[in-house]
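Peer 1: give me coordinates for this.
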Amino acid sequence: MTFQELNDLYQLPLFDLIQRSRSVHEENWPAGEVQLCTLLSIKTGGCSEDCSYCAQSARYKSDVAPERLMEKCQIMERAKAARDNGSTRFCMGAAWRGVREGTQRFDQVLDIIQDVSKLGMEVCVTLGELGPNEAVRLKDAGVTAYNHNIDTSPEHYPNIVTTHTFQDRLNTIRHAQDAGMSICCGGILGLGENTEDRLKMLEVISSFNPQPESVPINSLMPMPGTPLAKSSGVDVFELVRIIALTRLAVPKAKVRLSAGRTNLSEEAQTICFFAGANSIFYGDKLLTAENPAVEKDLALINKLGLSPQKPNRAQAAPDSDEALPRKPHLA
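Peer 2: Okay, here's the model as predicted:
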């Protein structure tokens, strides 16, 4: 969708906007399912990047202590527990700038992925920047989706991160897509951006060809010690609008309620589901932020008459439109 199309929709009365997004949601996701994902930080803290929202940056004095890559046995224990608790996707995140072929840590991660992929869940990883060779190796090891958020608009991005560029993000996404992985790509609300930035972020995401398989929508949870520690929260009605716009802009993607969900009441989450969200991070922790307990999530899903979505390890990214250029473009 173009910025103008998104802006026209954004200006609609809230009920009119939700009515449109609900119609598109039911057309593409008629089964009333919610994808349950578990996110595990397999390497926490000590990151060299300066993302101003992230407590894992080594540049800030946060409460997050740097740790080594978790042992495979520990990761497998957590993965099996996630599967047994109903998760259909296991996501592993590492606080690195990126990974490079031929390094010990990359070989270790590939070994871990191979074993996790045997558990029957979808496997998603977020490891920072990828080159084309690394992307192919990850795909061959069993990764079904690669997460790499663009966070905000291209214009606002330099205000949030200076150690890499917006184009660097697009390059990694292109490499992952060319290797045959689906893309999980979304953004964060509450980074000091304005409405125009949020719409431009969605414009970029919706222009990817093929479009992302899933789109996480995060609300900033200000972390002590980071430059954005005193940022104000995101208005819940603004969150609902962005969820609805995401559903309209990327109709076949799973729209994921991600960071910040602990601050939402059951009623607020229900509106988000109705507007088009159909995926949540589920479990004890969301990287370094709290996440609602398993039992509470399952109780809400049951109240709403929804059901957990089954894993689909054979999933493909939404079909590309051959009439469109393959995006994101490389510089």
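Peer 1: contacts and neighbour counts: CA atoms only from here.
Peer 2: Fine.
Peer 1: ok but Val204 is inside a helix, no?
Peer 2: Yes. Counting by DSSP: H, G, I helix; E, B strand; the rest coil, one finds Val204 located in a helix.
Peer 1: where along the stretch 101-250 of the chain do the strands fall?
Peer 2: Secondary structure of the stretch 101-250 of the chain (DSSP state E, counting those that start in this stretch): strands at 122-126, 145-147, 182-184, 187-189, 214-219.
Peer 1: could you dump the ones you listed to CSV with distance to Pro13?
Peer 2: CSV is the format used below for those (distance: least, Cα to Cα, whole Å):
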stretch, distance to Pro13
strand 122-126, 36
strand 145-147, 32
strand 182-184, 29
strand 187-189, 21
strand 214-219, 21
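Peer 1: Serialize those strands to a markdown table and add fields for distance to Glu295, mean pLDDT and mean neighbour count.
Peer 2: Shown next, in a markdown table, are the strands of the stretch 101-250 of the chain (distance: least, Cα to Cα, whole Å; pLDDT from 0 to 100; neighbours: other Cα atoms under 10 Å):
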| stretch | distance to Glu295 | mean pLDDT | mean neighbour count |
| --- | --- | --- | --- |
| strand 122-126 | 22 | 94 | 24 |
| strand 145-147 | 26 | 95 | 29 |
| strand 182-184 | 26 | 95 | 27 |
| strand 187-189 | 26 | 95 | 23 |
| strand 214-219 | 22 | 95 | 25 |
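Peer 1: between these, which one is nearest to Tyr157?
Peer 2: Closest to Tyr157 of the strands of the stretch 101-250 of the chain, according to Cα to Cα: strand 187-189, at 11.0 Å.
Peer 1: and stretch 193-205, how far from the chain's centre?
Peer 2: Centroid separation for stretch 193-205 versus its chain: 16 Å, with Cα atoms, centre = their mean, to the nearest Å.
Peer 1: what's the answer for stretch 209-220, then?
Peer 2: Distance, centroid of stretch 209-220 to centroid of chain: 6 Å (Cα atoms, centre = their mean).
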